[in-house]
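Chemist: Just to be clear, the model below is a prediction. Sequence and coordinates:
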Amino acid sequence: MTKRVFSAFKPTGRLTLGNLLGAIMPAVRLQDEADCVHAVADLHALTIRHDPERLRARTREAATLLLACGLDRSLVYVQSRVPAHTELAYLLESTAHFGEMRRMIQFREKSARQEEVRLSLLTYPALMAADILLHRADAVPVGEDQRQHVELTRDLALRFNRLYGEVFTVPEAVRPRVAARVMDLSAPTSKMGKSDGSSAGTIYLLDPPADLGRKVMRAVTDSGTEVAYDPEGKPGVSNLLTVLAACSDRPVESLSYGSYGALKRDTAEAVAETLRPVQERYAELSADQAELSRVLEGGAALAAERVGGLLAEAREAIGLA
């Protein structure tokens, strides 16, 4: 039986090379062996102060990029276009406990940095659980920073099933296979992030070739001159080797360089070659906005059709129908 795999991308920033190498490329390869579902989780972006027009633009950009990167054999849609997400989220909020929501690491960290904390920041893990459970997902590829959310999803599914009857598939958290962990080029001990990283150290998927080349050539390296893969002792050089290996589909152990300059030049060239077809396909998709809208609306319609039965089961089980 074919497994169903779910993942979501939050449009709080622009998709980066880290997203491509760490999550999107493994997902493209996974399409050959699994039923893959990918949502642009725009509702999750409401947990912090945001600009509505920018959110709309970033959401459409992210959805288009997922298709341009090769996820066109998966179900790709925008989360807010399928109302079942928010309805199931409330049913799960009514199953969750305040204490377990308050203990979520991301809530503790983000709320500590904000003067005004939106209630949705506390409750959005229930929405994340709804995203996964709606599709009866068997597996959710996540990094360590999201593993706690999948564990909460499992807890809520098991609790709901115990209290109201067997409705939900209990998903497993899995690490993406052959996934590169890409760090910020200007701060190589920090992960390259859509919204948290520095623009100088973050390569965005739509960066012009000249910009991404400049960012790679200005990447922070380390003391000494030896080019060696040592993430703790030489994080800057190790990050460049990781990027080059992932972009050229070669093992890190096979890369040998005598200078930082040569490594940077080859890395810049490999990154540009990796992003070239993505940017070309993105331009093609964006050129016909009517057709792009049709594709995205079709994805949302298919998603709504797929999840309707599960939502009806959950409503009936909890006593609403």
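Modeler: Ah, there it is.

Chemist: Moving C-terminal from the lowest-mean-pLDDT helix or strand in the chain, which element do we reach first?
Modeler: Lowest by mean pLDDT, DSSP states H and E among the helices and strands of the chain is helix 105-112, with a mean of 81. Later in the chain than helix 105-112, the nearest helix or strand by DSSP states H and E is helix 119-134.

Chemist: Packing partners of the helix or strand following that next one?
Modeler: Once the chain leaves helix 119-134, the next helix or strand it forms, by DSSP H and E, is strand 139-141. Identification of packing neighbours for strand 139-141 by 3 or more CB pairs under 8 Å, 6 or more residues apart in numbering; DSSP states H and E yields strand 4-9, helix 25-30, strand 172-174. C-betas here are computed from N, CA, C, even on glycine.

Chemist: To residue 134, which of the ones you listed lies closest?
Modeler: Closest to residue 134 of the helices and strands packed on strand 139-141, according to CB to CB: strand 4-9, at 8.6 Å.

Chemist: Show me what the next helix or strand after that closest one is packed against.
Modeler: Next helix or strand after strand 4-9 toward the C-terminus (DSSP H and E): helix 17-19. Here helix 17-19 touches helix 260-287, going by 3+ CB pairs under 8 Å, 6+ apart.

Chemist: Buried residues in the helix it packs on, which are they?
Modeler: Neighbour-count burial for helix 260-287, counted by 16 or more other CB atoms under 10 Å, picks out 260, 263-264, 266-272, 274-275, 278-279, 281-282, 285.

Chemist: between the helices and strands packed on strand 139-141, which gets nearest to residue 60?
Modeler: Comparing those by CB to CB, strand 4-9 comes nearest, at 12.6 Å.

Chemist: any idea which helix is longest in the protein?
Modeler: Ranked by residue count, the top helix of the chain under DSSP state H comes out as helix 289-318.

Chemist: Extract the residue ranges of the stretch 51-200 of the chain that are flagged as low pLDDT.
Modeler: Applying pLDDT under 70 to the stretch 51-200 of the chain flags residues 177-179, 194-198.

Chemist: quick one, helices of it?
Modeler: Under the criterion DSSP state H, counting those that start in this stretch, the stretch 51-200 of the chain contains helices at 52-68, 84-93, 98-102, 105-112, 119-134, 147-164.

Chemist: Can you list the neighbours in contact with the third one?
Modeler: Helix 98-102 has contacts (CB atoms under 8 Å, 6 or more residues apart in numbering) with 107-108, 122-123, 125-126, 152, 155.

Chemist: Which positions in it come out as buried?
Modeler: residue 101.

Chemist: how about the CA coordinates for it, as CSV?
Modeler: The C-alpha coordinates for helix 98-102 follow below in CSV (Å, rounded to 0.1, in the frame of the first residue of the first chain):
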residue,chain,number,x,y,z
PHE,A,98,-3.7,24.0,27.9
GLY,A,99,-0.6,22.7,29.6
GLU,A,100,0.7,20.8,26.6
MET,A,101,0.2,23.7,24.3
ARG,A,102,2.0,26.1,26.7
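
Chemist: Just tell me which of the helices and strands packed on strand 139-141 ends up closest to residue 210.
Modeler: Evaluated over those, closeness to residue 210 peaks at helix 25-30, with 23.7 Å, by CB to CB.

Chemist: now that closest one: mean pLDDT?
Modeler: Helix 25-30 carries an average pLDDT of 92.

Chemist: how about the helices of the stretch 51-200 of the chain in TSV, adding distance to residue 25?
Modeler: Putting the helices of the stretch 51-200 of the chain into TSV (distance: least, CB to CB, whole Å) gives the following:
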stretch	distance to residue 25
helix 52-68	12
helix 84-93	26
helix 98-102	33
helix 105-112	25
helix 119-134	21
helix 147-164	20
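
Chemist: Tell me which of those helices lies nearest to residue 217.
Modeler: Comparing the helices of the stretch 51-200 of the chain under CB to CB, the one sitting nearest is helix 52-68, at 24.5 Å.
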